[in-house]
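Asker: one predicted model, sequence on top.
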Amino acid sequence: MRPALLLLRKDLLVLRRSPLLLGVLLAYPLVIAALVGLVASYANAKPRVAFVDEEGLPAQIEVGGRTFDVERTVDRVANEVTLVRLDRPEAERQLASGRVVALLVVPRGFVGDLRGMVRSPRLELETTRGGVSVRVAQQVQALVYALNRQLQDAYIEANLEYTRLLLRGGTASFLGREVDVLGLERAGALIDELPPGPRVERLRDFVRTARSALGETDDALRATANPIELEQASPTGRTWVLSAQAQAYAAALTIAFLALLLAAAALAAERDEGTLARLRRGLAGPSQLVAAKAALATVAAVALGLGIVVAFGLIIELGGVEGGQPWARLPLVAVGFALAGAALGALGALIGALAGDARTASLVAILAALPIVFLGLVPREVAPAAGHVSDVLPFAHAFRLFTGALFDLDPWPALLREGAWLAGLGAAYGVAARFAVRRLPA
Amino acid sequence: MTALLSARGVSRRYGDREVLRPADFELAAGEAVALVGPNGAGKSTLLSILAGALESSRGEVTRAAPVGWAPQRPALYARLTARENLELFARLAGDYAAVDPLLEELELGSGATAGTLSVGMRQRLNLALALLGAPRVLLLDEPTASLDPAQRELLWERLHRLCGEGGAVCFATQNVEEVGRAGRTVRIEDGRLLPA
């Protein structure tokens, strides 16, 4: 392996003498990682939903004795979508062109049904086909759920008011008619004035039982409305940008770009400079050449990966971010960086040998790196085929290994499983690169 | 005479294009052979195959002595200095002791990286790399191109000395005057070796 080590030393010296290249190689993947982060956060951005008010909602609605400010209520509950008020034709036009992802329609008669409390008022939802429609439907369901929660309290309060009327008696408005209700308490008082007897006693028993039962109605009604109540605690843990996932993605993505590009360009440069022919003359064989380039990628991956983890760790420590940085796992993740660097370096060497010259190799490496990374980002549940392709590429394994090594309670299963994958892939790409180097014209 | 290097039926093909047709070649101890022919005739391909820098599509090459090779376009690392280039290849060839004498002889002591050297200095470095490993056979592709007259003379002196000591040289050239310095001339045209 001495020739491979000598060539590695030479490559590191060449890299040190190319500060601009080194700077670009470091900055480029970090910029890409930041852009991926922005795209990922954009995926969580609020979709634009058209709000079509055919009813002509008033500024305020009174339901069950409570007054709702329509605008404020809708704004408060529409956390996950951006509602845009449009008329129906414009909303349909924008839905067709994709400027809005859904139509939420308040049909005529909505307020009457709402105030009447006899029939459930209806909202209509129309979404685009496929894409984010499932997510939008879920978000609109969440919006309706939140509205229902607001109205529920008013309905329950109104129903309890009726219950209290039955209990204490009084005057109330029901279906637009004023009614005078005797109430159980007053009924009891009237019964007490009657001459005693078994029939009067039965009536007194009934009134006592009914008063006791209605006294429990308050809690029972609220419990029936919410059989299971979800209590959300205030947010804890790291923000997305400092999350374990972002840290592992940043490292995997940066290493993928750097290792592929470095190995591909370094191998192809041997041909560009004519030194490949000189080395072939018994000085360094194809295996040693591929090993040298994979080792170059490995050294760069370990240095850069540890740099990213340490930088993240310092931010987390200095910022007092919850969760802390698992410093004790640094040696484990360093092993992961080395394995990922070697596998990606072997793939890079293959690209370099197939491309022939450094310029083409660099371009092909960049073109190859993007789909390799994005295939690894596509969830297997969304596109199983992408998952299968990603299995034979190092990125997704590297990401899972980094996450496991840094944050799993027991890091060994991920380290062994994904480490074996990376070692196997590295060996396979290395053998392929060796054959490609042998066939490469001098 | 002892053949220090011999090739039997060597040829080279790139796809459908045969750049070197099956050829036999022999280089005996003490011999200086000039390889002549028009551009693209196959001179560099033959020298690369003889040096082991290029695999022949068919045939075989037997090397009975260490071979040094200087390609037409200097094969060196542009971002390393002349010393660093020599040291790397000397370590790979197991001849580190040759570094300082070669740097002195070929006046390559500059600390500049090879990519910034003059064309002539790069050619001298290219020749210095060919001389690593104490070769008894030198295969040189247009070795005097870009050399100044004094350096050219020094090179010829070295080559004659090598032949006188039982070594051998084969060089490709387009220069008629240089052909006269060879004991034998081999002509190559359209990938075919012809007697001169």
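Answerer: Arrived safely. Numbers count the residues shown, from 1 in each chain, chains lettered A, B, ... in the order given.
Asker: number of nearby residues for residue 88?
Answerer: Looking at chain A here, since you left the chain open. 13 (other C-beta atoms under 10 Å in any protein chain shown). For every residue, glycine as well, the C-beta is placed using N, CA and C.
Asker: my bad, chain B
Answerer: For residue B:88, using other C-beta under 10 Å, the count is 23.
Asker: same thing with residue B:66?
Answerer: 17.
Asker: how about the secondary structure of the spatially closest residue to it that is not a sequence neighbour?
Answerer: Nearest residue to residue B:66, sequence neighbours excluded (C-beta to C-beta, 6 or more residues apart in numbering or on different chains): residue B:135, at 4.6 Å. Under DSSP: H, G, I helix; E, B strand; the rest coil, residue B:135 falls in the coil class.
Asker: now do the SS call for the nearest residue to residue A:70 once chain neighbours are set aside.
Answerer: The shortest distance from residue A:70 to any non-neighbouring residue, by C-beta to C-beta, 6+ apart, is to residue A:57 (4.9 Å). The three-state label given to residue A:57 by three-state DSSP is coil.
Asker: what's near enough to touch the residue of the stretch 151-300 of chain A with the smallest separation from chain B?
Answerer: Nearest residue of the stretch 151-300 of chain A to chain B, counting by C-beta to the nearest C-beta: residue A:274, 3.2 Å away. Applying C-beta atoms under 8 Å, 6 or more residues apart in numbering or on different chains, one finds that residue A:274 lies in contact with A:442, B:71, B:73-76.
Asker: which of those residues lies closest to residue B:141?
Answerer: residue B:71 (5.3 Å; C-beta to C-beta).
Asker: now the element after the biggest helix by length in chain B, going C-ward?
Answerer: Ordering each helix of chain B by length in residues (DSSP state H) puts helix B:149-164 first. Downstream of helix B:149-164, the first helix or strand assigned by DSSP states H and E is strand B:168-172.
Asker: is chain A contacted by that next one?
Answerer: No. Counting by C-beta under 8 Å from any C-beta of the partner chain, chain A is not contacted by strand B:168-172; separation bottoms out at 15.1 Å.
Asker: quick one: least confident helix or strand in chain A?
Answerer: One helix or strand of chain A scores below all others by mean pLDDT, DSSP states H and E: helix A:19-43, with a mean of 71.
Asker: what comes up buried for the helix or strand following it?
Answerer: For helix A:19-43, the following helix or strand on the C-terminal side (DSSP H and E) is strand A:48-53. By 16 or more other C-beta atoms under 10 Å in any protein chain shown, the buried positions in strand A:48-53 come out as A:48-53.
Asker: ok, residue B:116 - how many residues close by?
Answerer: Counted with other C-beta under 10 Å, residue B:116 comes out at 12.
Asker: which residues of the stretch 51-200 of chain A fall in strands?
Answerer: For the stretch 51-200 of chain A, strands defined by DSSP state E, counting those that start in this stretch occupy the ranges A:60-63, A:66-69, A:82-85, A:102-106, A:124-127, A:170-174, A:177-181.
Asker: export those to JSON lines and tack on distance to residue A:409 and mean pLDDT?
Answerer: Formatted as JSON lines, the strands of the stretch 51-200 of chain A follow (distance: least, C-beta to C-beta, whole Å; pLDDT from 0 to 100):
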{"stretch": "strand A:60-63", "distance to residue A:409": "50", "mean pLDDT": "80"}
{"stretch": "strand A:66-69", "distance to residue A:409": "48", "mean pLDDT": "77"}
{"stretch": "strand A:82-85", "distance to residue A:409": "39", "mean pLDDT": "85"}
{"stretch": "strand A:102-106", "distance to residue A:409": "41", "mean pLDDT": "87"}
{"stretch": "strand A:124-127", "distance to residue A:409": "40", "mean pLDDT": "85"}
{"stretch": "strand A:170-174", "distance to residue A:409": "60", "mean pLDDT": "77"}
{"stretch": "strand A:177-181", "distance to residue A:409": "63", "mean pLDDT": "82"}
